[in-house]
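*Asks:* Got a predicted structure here, sequence first:
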Amino acid sequence: MRVNDVIQEHAIRAAVFEHLARLSKKSPSGISTSAEINSFENLGRPVRLIVQTGICKLQGYAAALTIRTTFTPPAKLPPYMDTSDGDGIIHYKYRGTDPNHSDNRALRQAMDDGLPLAYFVGIGPGLYLPLFPVFLIAEFTSRHEFAVGLDESLRHADTGSMNALQRGYIARITETRLHQPVFRERVLHAHNTSCAICRLRHPELLDAAHILPDGHIHGEPVVPNGLSLCKIHHAAFDH
């Protein structure tokens, strides 16, 4: 890219991240509504950061700016299976299967230019956990997906030649930044932000407890395997 283009790309992203940081300070959990997120303005003009397709690219810019994984109720299948593998690397699906679709080209441009993006993970209808900055670090055309790095240190990671130590590091980052907070907020949302036992409604005193533990074959961090419990009842449940 030309120097001016690089400056503009980084300037708009810095403004987006500043906007999201301000929103996160208003919520102890960091969760924001789609309306709050889409209240962003650039040069006095409103800009929708969450779009229907899930991949936001601003007019006049070649690279994707934000990506989204929509909320899907536990009993339904999501339209796109954005997942993490056994080593914690997040895989973000193409739009459709055509590598040359304009949205997929925008994702590839962001990856090739090493540009940071914001990633919105659906917690409930119209509710999102913003993760930023994230980076697209690899493309798997045969699987119609990109690999997402959730940390600045993964910006130039080579997913094809990582050793066990590096993959363990990625798994810890993914667990801390994505799996744990998303599991907690989805479980609390499903239980109306109250303890399932005593009905305490102070979110800062609530935990998402696994019904089947992490080590169990079915102990996945998903809503049907979670209970919203206050810290006292969580400790009692674990005991």
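*Replies:* All right, it came through fine.
*Asks:* where does this protein have low pLDDT?
*Replies:* Scanning the chain for pLDDT under 70 picks out 1-4, 74-88, 154, 156-161.
*Asks:* which residues touch the residue nearest the centre of it?
*Replies:* Geometric centre of the chain, nearest residue: residue 121, 3.9 Å, by CA atoms, centre = their mean. The contact partners of residue 121, taken as CB atoms under 8 Å, 6 or more residues apart in numbering, are 68-69, 128-131, 178, 182. C-beta coordinates here come from the backbone N, C-alpha and C atoms, glycine included.
*Asks:* Who's the closest spatial neighbour of residue 123, skipping the chain neighbours?
*Replies:* With sequence-adjacent residues excluded and distances taken as CB to CB, 6 or more residues apart in numbering, residue 123 is closest to residue 185, at 4.5 Å.
*Asks:* Please apply the same query to residue 225.
*Replies:* In space, and not counting its chain neighbours, residue 225 is closest to residue 211: 5.1 Å by CB to CB, 6+ apart.
*Asks:* Can you tell me how far that neighbour is from residue 199?
*Replies:* 19 Å (CB to CB, to the nearest Å).
*Asks:* about what we covered before: closest to residue 236 among the contacts of residue 121?
*Replies:* residue 182 (25.0 Å; CB to CB).
*Asks:* in the helix ranked longest in the chain, what's buried?
*Replies:* Ranked by number of residues, the top helix in the chain under DSSP state H is helix 3-26. For helix 3-26, a neighbour-count test (16 or more other CB atoms under 10 Å) marks 9, 12-13, 16-17, 19-20, 23-24 as buried.
*Asks:* Repeat that for stretch 59-71.
*Replies:* Quick answer for stretch 59-71 (16+ other CB under 10 Å): 61-71.
*Asks:* Show me which pair in those is furthest apart.
*Replies:* Of all pairs in those, the most separated under CB to CB is 62 and 71 at 28.9 Å.
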